[in-house]
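Asker: what follows is a protein structure lacking sequence information:
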């Protein structure tokens, strides 16, 4: 709800989610999607995934 409120109250131009490839980090992507739906705004966004070896996938 906090992220949705931030999106609703401010003019965010884009969102970049940086996550690791491990399954436990997938929730952050879901949280961003949910916040956008709750805020009523569809903001351009991207996901950057970092491998366990530190490389960008």
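Answerer: Okay, I see it. Since the structure is predicted, the reported quantities are computational estimates derived from the model, not experimental observations.
Asker: how many other residues sit next to the nearest residue to residue 45 once chain neighbours are set aside?
Answerer: Taking CB to CB, 6 or more residues apart in numbering, and ignoring the residues beside it in sequence, residue 45 has residue 15 as its nearest neighbour in space, at 4.0 Å. No exception for glycine: its C-beta is placed from N, CA and C like everyone else's. Counted with other CB atoms under 10 Å, the neighbours of residue 15 add up to 15.
Asker: what do you get for the one 5 residues further on?
Answerer: A total of 15 residues lie near residue 20 under the criterion other CB under 10 Å.
Asker: buried set for the helix or strand where residue 29 lies?
Answerer: Residue 29 belongs to helix 26-39 when assigned by DSSP states H and E. By neighbour count with 16 or more other CB atoms under 10 Å, helix 26-39 contains the buried residues 32, 35, 36, 39.
Asker: which secondary structure elements does that helix contact?
Answerer: Applying 3 or more CB pairs under 8 Å, 6 or more residues apart in numbering; DSSP states H and E, we find helix 26-39 packed against helix 2-9, strand 15-20, strand 45-50.
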